[in-house]
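>>> My questions concern the predicted model and sequence given below.
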Amino acid sequence: MVPSVDVMEAILGRRSVRRFRTDLIPEEDLRKILEAAIWAPSAGNLQSWEFVIVRDPARKRDLARAALGQWFIAEAPVVIVVCANEERSASRYGDRGRKLYCIQDTAAATQNMLLAAYSLGYGTCWVGAFDESAASSIIGAPSGVRPVAIIPIGKPAETPIPPRRLPLEKVTHEETF
């Protein structure tokens, strides 16, 4: 069972971590993080996600290079590449499933992973800036499976300050814009 952390505390406390300690992540903890991911909501419950777990130092460096030189990715003990299975989603929803629903599904799964990792004392960073073709090649993604996020995970070696947020009043609207 995942340790009890208040959901709002996890949402407000989680930060993008870009410096990691070298401590290994026990398989039990990694499994909890991935279990949180697969319990995310998904369109039609098709669960159009795939997760590639990367521990190999050379492969992590290749992913960091593909991520426009974001070298902190290579420093994390574990990196998870979250992929959208476009064809699984398209099997029921056609083009909208292929272009939108599978992306929404992976976004929900990714957020669950970030919050679960935080609850277990790990730092993460949701990396979306990368060369998709290069990342696909590095992880050997089959046709119809698209990498959409790279998530380095490890014990944090930094405590980032909270980022500024737009005021709620500026981004909410009643009935219409």
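Cool, got the structure.
>>> When you work out contacts or count neighbours from here on, use the C-alpha atoms and nothing else.
Noted.
>>> For the residue minimising distance to the centre of the chain, give its distance to Q104.
Nearest to the geometric centre of the chain sits T110, at 3.6 Å (C-alpha atoms, centre = their mean). Taking C-alpha to C-alpha, to the nearest Å as the measure, T110 falls 10 Å from Q104.
>>> Check S136 too.
According to C-alpha to C-alpha, S136 stands 19 Å off from Q104.
>>> related to what we said a few turns ago, model confidence for the nearest residue to the residue nearest to the centre of the chain once chain neighbours are set aside, exactly?
Of all residues not flanking T110 in the chain, A37 sits nearest, at 6.4 Å (C-alpha to C-alpha, 6 or more residues apart in numbering). As predicted, A37 sits at a pLDDT of 98.
>>> So which other helices or strands are in contact with the host helix or strand of A37?
Using DSSP states H and E, A37 maps to helix 27-38. Judged by 3 or more C-alpha pairs under 8 Å, 6 or more residues apart in numbering; DSSP states H and E, helix 27-38 is in contact with helix 102-119.
>>> and the helix it packs on, what does it pack onto?
Helices and strands touching helix 102-119, by 3+ C-alpha pairs under 8 Å, 6+ apart, are helix 7-13, helix 27-38, strand 49-54, strand 78-85, strand 123-124, strand 145-154.
>>> List the buried residues of it.
For helix 102-119, the neighbour count (16 or more other C-alpha atoms under 10 Å) marks 102-119 as buried.
>>> any idea of the angle that helix forms with strand 49-54?
Using axes from the mean of the first three to the mean of the last three C-alpha atoms, to 10 degrees, the inter-axis angle of helix 102-119 relative to strand 49-54 is 50 degrees.
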